[in-house]
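Engineer: Dropping the sequence and predicted coords here.
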Amino acid sequence: MIQLGRVCTACSAATSVVTRPTETEVADMSTGADRHAIFPMWKHMGLELQSLCNRDCDWCPRQMDKSGIRKTPHGYSVVQEMPTDKVHCILDQVYALGFRGPIHFHSLSEPLLDARYLAIATHAHVQGFLIEENTNGDILRLNTQLRKQLDGVVDLFNIGLYDCKTEAEESTLMDWWRSAFTKSIVTFSRMSLGSPRTRQNSLLYNIRSKDQRVLEYPCFSPQYQLLIRYDGEVALCCEDDTSELSLGNAFREPIEDIWWSQRRIDVALTLRKSGSRKAYPLCKNCYVFFGWD
Ligand code: SF4
């Protein structure tokens with residue numbers, strides 16, 4: 001085991017030590033228990049059911065995309081579903097590994113656009129997963145029956161308040177959403193009056209001022225999130241929509257082999273150190289900071 005010191009940015013004192021397995025140790029990980037001891041399982045999972053969103057928000061990286069993942073080079077939206085058998089196969093795999101959530105079914109997409117959402121969420125709920133979903137709320141607001149059917153199936157809805165112009169409007173809308181569910185918890189993303197994250201490839205990224213200190217911050221996201229795109233590609237974090245680091249494809253490789261790969265462990269543990277973002281093209285201009293540790 002290789003030990004890596006972490007240094008406090010304020011006083012330059014060593015604050016803790018992270019350990020990194022050697023290549024041989026990772027190769028020797030023959031049992032689940034060994035793997036968990038060396039690199040813990042993710043804490044949050046995204047399993048994206050389909051590629052589309054009905055909105056085009058200026059803080060969202062999908063707006064500027066022309067890679068063929070969200071939009072074509074001509075700006076048309078990509079419409080693709082994760083096959084249902086793959087959804088169930090992945091859920092079964094992570095369940096067998098001991099994961100029970102929280103899980104969500106979107107990435108840069110609106111999950112409720114998927115006609116299978118109710119069936120898949122119900123299946124995952126019965127299986128025992130905790131579901132925490134982000135939605136722009138447009139489908140749910142129009143569909144009373146779907147709201148009733150999903151009440152309590154989805155444990156938590158985080159609803160985007162994207163169109164409010166005043167705090168009074170926000171407050172009225174929040175009250176409406178809270179009264180619409182009796183079992184599911186409802187929280188809110190205050191995107192219009194709050195402060196959305198500054199995400200690469202979004203319109204906002206190019207025009208807003210950015211706190212340069214964040215580029216020196218460590219990043220814990222890759223250690224805590226397992227994110228699978230609609231085509232099976234596994235991302236490093238929610239900013240890695242193009243799966244730039246080629247960490248694996250969940251349609252072709254077992255989830256545990258992807259998560260506990262030498263590559264993933266190396267990148268995740270490197271990013272736990274202050275000043276490490278510059279090691280990866282994806283990270284060196286990233287102003288996103290999650291305070292997990
Ligand atoms: S620094 Fe940014 S791009 Fe890199 S892993 Fe963290 S959140 Fe993702």
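Structural biologist: All right, it came through fine. Residues are numbered from 1 along each chain as shown.

Engineer: just for this protein, where's the confidence low?
Structural biologist: By pLDDT under 70, the weakly predicted segments of the chain are 1-33, 191-196, 291-293.

Engineer: Tell me which stretches of it form strands.
Structural biologist: In order along the chain, the chain carries the following strands (DSSP state E): 2-7, 14-20, 44-47, 103-104, 132-135, 156-160, 185-189, 225-228, 234-235.

Engineer: Report all helices and strands that the fifth one contacts.
Structural biologist: Counting by 3 or more C-beta pairs under 8 Å, 6 or more residues apart in numbering; DSSP states H and E, the packing neighbours recorded for strand 132-135 are strand 103-104, strand 156-160. Where C-beta positions appear, they are placed from N, C-alpha and C, glycine not excepted.

Engineer: And for the third one?
Structural biologist: When contacts are defined as 3+ C-beta pairs under 8 Å, 6+ apart, strand 44-47 packs onto helix 84-96, strand 103-104, strand 225-228.

Engineer: So is it next to the ligand?
Structural biologist: No - using C-beta under 6 Å from any ligand atom, strand 44-47 stays clear of the ligand, coming no nearer than 13.2 Å.

Engineer: So what are the sheet partners of that strand and their directions?
Structural biologist: strand 103-104 (parallel), strand 225-228 (parallel) (DSSP bridges).

Engineer: Likewise for the last one?
Structural biologist: Its sheet considered, strand 234-235 pairs with strand 225-228 (antiparallel) by DSSP bridges.

Engineer: Say whether the ligand is contacted by stretch 265-279.
Structural biologist: Yes - Stretch 265-279 lies within reach of the ligand by C-beta under 6 Å from any ligand atom, at Leu271, Arg277.

Engineer: if we can go back for a sec, hey, which of the helices and strands packed on strand 132-135 is tucked in deepest?
Structural biologist: Neighbour counts (mean count of other C-beta atoms under 10 Å) averaged over each of the helices and strands packed on strand 132-135 peak at strand 103-104, with a mean of 22.

Engineer: Alright, that wraps it up for me.
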